[in-house]
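Student: Need a 3D model of the following:
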Amino acid sequence: MYICFVDESGTPAKPGQEKQKYFVFGGVIIPENQWKFVRQKILGLKIRKQYSGEIKWRFFAPNNNDENNPMKDWNQSQKDEFRSSVFEIICSVKSIKLICSVSDATLAYKLNGVNSQNDIYFRTFRVVTERFQYFLQDIQKITGSPTNGIIVADHRNGREDNNFRHQHDQLIRSDNSNTTNYKNVIEGIFLTPSHMSIGIQLADMIAGAVWRFYTHDDKKWFDTIKPSFRKNETGVIGGFGLACYPKRGWNGPIID
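Tutor: Sure, this is the predicted structure:
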């Protein structure tokens, strides 16, 4: 079985306020038999670096002095070294695959049915879940054995979480011909606080690196994790490991 941990970076823009137009959902797909290894590696890194607390992309910003930031007294070189180590752990396990979706709010609000921040949030999330389902299908074809997976996401608040669960349940149960068949995804979505899930923290880091690339044209950290993205048989990431939403009219960066 495979676990897909997902988290977002950025905030969906409000209608008519699309100055910061990109919103990202990142996913880290980990085989269940590798999960304990990854967890122990991250915990070991935190112990060596005397890092106590949650790993979050925003904590690495040069001027982030949040009281709950474990790195608030670190210089940027120390932060970058720690971030590199986190990504090295992810990329060291070849069976771990990364998937991401990037939405452009300006384009999305031109579509029928996209009228709110929540619409963009869920549409962007849906693109990631579709890539996870396609990944499971690919593994099943290769192995010839049933291959299933679960999706784990960060919780927000009671009302938003209930709405999220309902939307996800409708998605995986849909028999609409225009909707992906989620035959390999088990149950509904599992929600847990990010500070209690190393997997979600890793997904936050992946989403942050992609968001940084699209929003600030800074590829440094994206290039670091690029080898671990899901690809097709010819090595293409675009549309397979990193998908843009909506596709029609997209004028942002396109990854080969």
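Student: Show the pLDDT at the closest residue to residue 114 other than its chain neighbours.
Tutor: Counting by C-beta to C-beta, 6 or more residues apart in numbering, residue 114 lies nearest to residue 108, which is 4.9 Å off, once chain neighbours are set aside. Any C-beta I mention is one placed from the backbone N, CA and C, and that applies to glycine too. At residue 108, the pLDDT value in this model is 96.
Student: try the one 3 residues further on
Tutor: The model reports residue 111 with a pLDDT of 96.
Student: how close does residue 82 get to residue 202?
Tutor: For residue 82, the distance to residue 202 equals 13 Å [C-beta to C-beta, to the nearest Å].
Student: Out of those two, name the residue with the larger neighbour count.
Tutor: residue 202 (26 against 20; other C-beta atoms under 10 Å).
Student: tell me the SS of residue 214?
Tutor: helix (DSSP: H, G, I helix; E, B strand; the rest coil).
Student: what sits against it?
Tutor: Contacts for residue 214 (C-beta atoms under 8 Å, 6 or more residues apart in numbering) come out as 22, 24, 102, 252, 253.
Student: quick check, the third one in a strand?
Tutor: Yes: if the criterion is three-state DSSP, then residue 102 is within a strand.
Student: Name whatever forms a beta bridge with it.
Tutor: In this structure, residue 102 bridges to residue 24, residue 244 when assessed by DSSP bridges.
Student: wait, it sits on residue 24?
Tutor: Yes: with contact defined as C-beta atoms under 8 Å, residue 102 counts as touching residue 24 (5.3 Å).
Student: more crowded one of those two?
Tutor: With other C-beta under 10 Å as the criterion, residue 102 and residue 24 differ in neighbour count, and residue 102 comes out ahead with 28 against 25.
Student: distance of residue 229 from residue 256?
Tutor: Per C-beta to C-beta, residue 229 is found 11 Å from residue 256.
Student: Revised request: answer the last question for residue 99.
Tutor: 16 Å.
Student: Could you double-check that residue 207 sits in contact with residue 56?
Tutor: No: assessed by C-beta under 8 Å, residue 207 is found out of contact with residue 56, at 10.7 Å.
Student: What residues does residue 248 make contact with?
Tutor: So residue 248 contacts residue 107 (C-beta under 8 Å, 6+ apart).
Student: Now do the host helix or strand of residue 138: distance to the chain's middle.
Tutor: Assigned by DSSP states H and E, residue 138 belongs to helix 117-143. Centroid displacement of helix 117-143 relative to its chain, using C-alpha atoms, centre = their mean, to the nearest Å, is 11 Å.
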